[in-house]
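Participant: next come a sequence and a model predicted from it.
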Amino acid sequence: MRTFYAAALIALLSLCAFGQQPEQQFTPNPHLYDTSANATAEIANVIAEAHKDHRRIILVFGGNWCIDCQVLDYRFHQEPIRPLVDNNFHVVHVDIGEFDKNLDLVAKYGTTLKKGVPTLSVLDSNGKLLYGMMGGEFESAASMNPQAFIDFLNKWKPASR
């Protein structure tokens with residue numbers, strides 16, 4: 001656990017080093033990924049919600065131990081990124097355990113864990129796969145410029161929003 005918090009501190013320092021002052025203090029969420037969740041059922045529930053509100057779905061494959069997964073979630077809750085997420089997407093965190101859990105969903109949703117996590121898939125409001133990362137895009141979330149997140153979200157948000 002000490003290593004986890006040391007990594008969190010490093011991530012926070014890297015955010016500041018890149019000139020990005022956090023609007024709130026970065027605090028890792030040790031329960032970001034529900035390790036007891038039935039991810040298949042959770043995804044099905046979110047698809048039903050998205051079908052009603054016409055938002056897209058972002059599946060974030062990772063684990064509570066992953067600092068870049070934590071930073072990605074942190075970024076998704078900061079201005080000006082938060083409104084893009086809130087108005088256009090449902091986000092589902094899919095726990096991959098120690099690279100040994102929900103691997104069927106990783107494959108089903110067109111992505112891989114070979115280059116690290118977090119890795120994302122984007123689904124339309126009917127659950128159809130639009131994009132599956134081949135890894136690497138957000139595995140360095142702690143050192144990414146916020147504009148990279150904004151560009152990604154703008155690229156994949158629904159056209160009508």
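Facilitator: Noted; the coordinates are in hand.

Participant: please report how far the residue nearest the centre of the chain lies from residue 122.
Facilitator: For the chain, the residue sitting closest to the mean C-alpha position, by Cα atoms, centre = their mean, is residue 60 at 3.9 Å. When Cβ to Cβ, to the nearest Å is the yardstick, residue 60 and residue 122 sit 10 Å from each other. In this view, the C-beta of every residue, glycine as well, is placed from N, C-alpha and C.

Participant: ok, now residue 100?
Facilitator: Residue 100 is 24 Å from residue 122, where distance means Cβ to Cβ.

Participant: ok, residue 133 next?
Facilitator: With distances defined as Cβ to Cβ, the gap from residue 133 to residue 122 amounts to 9 Å.

Participant: equivalent analysis for residue 52, please.
Facilitator: Computed with Cβ to Cβ, the distance linking residue 52 and residue 122 is 18 Å.

Participant: for those two, indicate the residue with more neighbours.
Facilitator: Applying other Cβ atoms under 10 Å to residue 52 and residue 122 shows that residue 122 carries more neighbours, namely 22 against 8.

Participant: could you pull out the helices for the protein?
Facilitator: Under the criterion DSSP state H, helices of the chain are mapped to 2-17, 39-53, 67-76, 81-88, 103-108, 146-156.
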